[in-house]
Each structure stands twice: as structure tokens, then as C-alpha cells.
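> Structure for the following, please:
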Amino acid sequence: MPYIIAQVVGAIIAGGVLYLIASGKPGFDAAASGFASNGYGEHSPGGYSLQSAILVEFVLTAFFILIIAGTTHKLAPTGFAPLAIGLALTLIHLISIPVTNTSVNPARSTGTALFQGGWAIQQLWVFWLVPLVGGVVGGLIHRALFEEPK
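Take a look at the predicted model:
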């Protein structure tokens, strides 16, 4: 629980810093711009549906957890985890920015949604529920594949 709280507080602080920077531009409006918030339907960068948003966030979060767990596993070569994780996150963003603006992290979604204010908060449940479920599924798959028999 302390880790989750720290992640959310950090994301809100980061969202606040971004808000202060962005609000320095004349005419900036966080509510109208979307403020990099995650969304689906009319709030998806590419107009993707709720179903598409759920699928992309679920699959990419599950794979991200598999990559993290696999590259940090005791049998994995040492020293390569940061590179693999960073490249995987880059690929995840390239795939999902057009669909949802990329969540795979509920804290990240919360940090911008609070400053956007309207629809982003209404859709925030998707960007908490789906990455959490995707993460659990990714962890269970990793456990099933790599846990030593008892």
C-alpha cells in the first residue's frame, strides 16, 4: 500500500509540474486539451472504442509485467533488464498512444486526469481496473512458466 500511495502522489506532483509548464502558454486549457489524459471513444487520440482500450491496456500491461518479471528473474542474464524494460515500454507507447494515450500504470493516468478534470476522471476507472487485472494476469503467467515445482 505505501508503494501505491507513493506512486499516485508522485504522479499527481508530476501532473502538477506539467500543468504549471503548460499553463505558461497563452490560451492553454487543460479541460479542452485533454492534458495527455487516457481516454476512449471521443477522448481516444484515434477515436478507438472502450473495447479497444480495454484490450490494448490489458494485453500490453500483461506483456510488460512478463518482460519485467522475466528480465529480473534469477535465471536471466544480469545487466540487461533496464534495457529490455525500457525498450518494451517504448514499444508499448508506440502501439497504444493512438488508442488510449497509454496507461499501463494507474498512477500515471490519475496524475493527468485530476488536472484535466472532466471526462478523464469519468473514464479513469478503465485505466485503474484494466492495468491492474492485466498486471495480475502477467504475473500469474510468469509464475506458471517459471516457478519451480514444490
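> now the helix or strand bottoming out on mean pLDDT in the chain: how far from the chain's centre is it?
Sorting the helices and strands of the chain by mean pLDDT, DSSP states H and E puts helix 30-33 at the bottom, at a mean of 87. The offset between the C-alpha centroid of helix 30-33 and the centroid of the whole chain comes to 20 Å, using CA atoms, centre = their mean, to the nearest Å.
> again with stretch 103-117
Its chain's average C-alpha position is 9 Å from that of stretch 103-117, according to CA atoms, centre = their mean.
> rewinding a little: buried residues in the least confident helix or strand of the chain, which are they?
For helix 30-33, burial by neighbour count (16 or more other CB atoms under 10 Å) applies to Ala30. For glycine as for every other residue, the C-beta is placed from the backbone atoms N, C-alpha and C.
> do the same with stretch 112-119
Within stretch 112-119, the residues that qualify as buried are 112-116, 119, counting by 16+ other CB under 10 Å.
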